[in-house]
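Asks: next come a sequence and a model predicted from it.
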Number of protein chains: 2
Amino acid sequence: MNQLDATFSALADPTRRAIVARLAEGSATVNELAAPFDISLPAISRHLKVLEGAKLISREIEGQKRRCHLQPETLNSATDWIEQTRAFWTDSLDALETYLDESNT
Amino acid sequence: MNQLDATFSALADPTRRAIVARLAEGSATVNELAAPFDISLPAISRHLKVLEGAKLISREIEGQKRRCHLQPETLNSATDWIEQTRAFWTDSLDALETYLDESNT
């Protein structure tokens, strides 16, 4: 699986997106991350493993706890791919046709 | 599966991303889309079905053929989610700490 496959696949789950959104506000322990969700700690751990495998988060040991951090550069590469694709579309004849169709209605 | 789940899941495959990138340059028939790939037409059809289910593309019948179009607004919603998350991160203390760490090295 290449990096973009792993990134998009990791983001294709609402719990994992909520964890990423939470970590965007600052690092957190596994317990802190699990608190808002009505799912077990092992289930949260599996989601964290997927996110770590996709390089969307990193984990560091802090005493007895593990603290999770967002790896924002991985989000950047996902946005870069989408933005590049949108730029191709904006330059294409299809975009012009859609614009003209919408202008005529 | 909600819309963002479907979008990110559909983009988590290199062949599907290549199809989306091709359609960003303009609409195409199924045969035209299949041409660059060393995979069977049924396999391409399965990818198109996933992309259509995720509302990333639409298909219209054109005589004996089916013509595929990009649905760029679905890409927009994926970018919106990532951009919002990045904006939270940019405002967070973690972003400041990373900046300071990098400035000190």
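Replies: Happy to help now that I have it.
Asks: with adjacent residues omitted, what lies nearest to the residue positioned nearest the centre of chain A?
Replies: Nearest residue to the geometric centre of chain A (C-alpha atoms, centre = their mean): residue A:11, 4.4 Å. Excluding the flanking residues, the one nearest residue A:11 by C-beta to C-beta, 6 or more residues apart in numbering or on different chains is residue B:8, at 4.3 Å. All C-beta spots, glycine's among them, are computed from the backbone N, C-alpha and C.
Asks: which residues touch that neighbour?
Replies: Contacts for residue B:8 (C-beta atoms under 8 Å, 6 or more residues apart in numbering or on different chains) come out as A:8-9, A:11-12, B:78.
Asks: tally of neighbours for residue A:16?
Replies: 23 (other C-beta atoms under 10 Å in any protein chain shown).
Asks: hmm, back to that, among the contacts of residue B:8, which pair sits farthest apart?
Replies: A:9 and B:78 (13.3 Å; C-beta to C-beta).
Asks: higher neighbour count, those two?
Replies: residue B:78 (22 against 19).
Asks: give me the element that one is part of.
Replies: Taking DSSP states H and E as the definition, residue B:78 sits inside helix B:72-90.
Asks: remind me what that helix packs against, helices and strands.
Replies: Packing partners of helix B:72-90 (3 or more C-beta pairs under 8 Å, 6 or more residues apart in numbering or on different chains; DSSP states H and E): helix A:14-24, helix A:72-90, helix B:3-11.
Asks: for chain A, which residues are neighbours of chain B?
Replies: A:2, A:4-9, A:11-14, A:17, A:20-21, A:24-27, A:69-70, A:72, A:75-76, A:78-79, A:81-86, A:88-89, A:92-95 (C-beta under 8 Å from any C-beta of the partner chain).
Asks: who are the contact partners of residue A:23?
Replies: A:33, A:57, A:68-70 are the contacts of residue A:23 under C-beta under 8 Å, 6+ apart.
Asks: of those residues - the most surrounded one?
Replies: residue A:70 (29 neighbours).
Asks: quickly list what it is bridged to.
Replies: residue A:57 (DSSP bridges).
Asks: wait, it sits on residue A:21?
Replies: No. At 9.3 Å, residue A:70 does not count as touching residue A:21 under the criterion of C-beta atoms under 8 Å.
Asks: where does chain A dip in pLDDT?
Replies: A:105 (pLDDT under 70).
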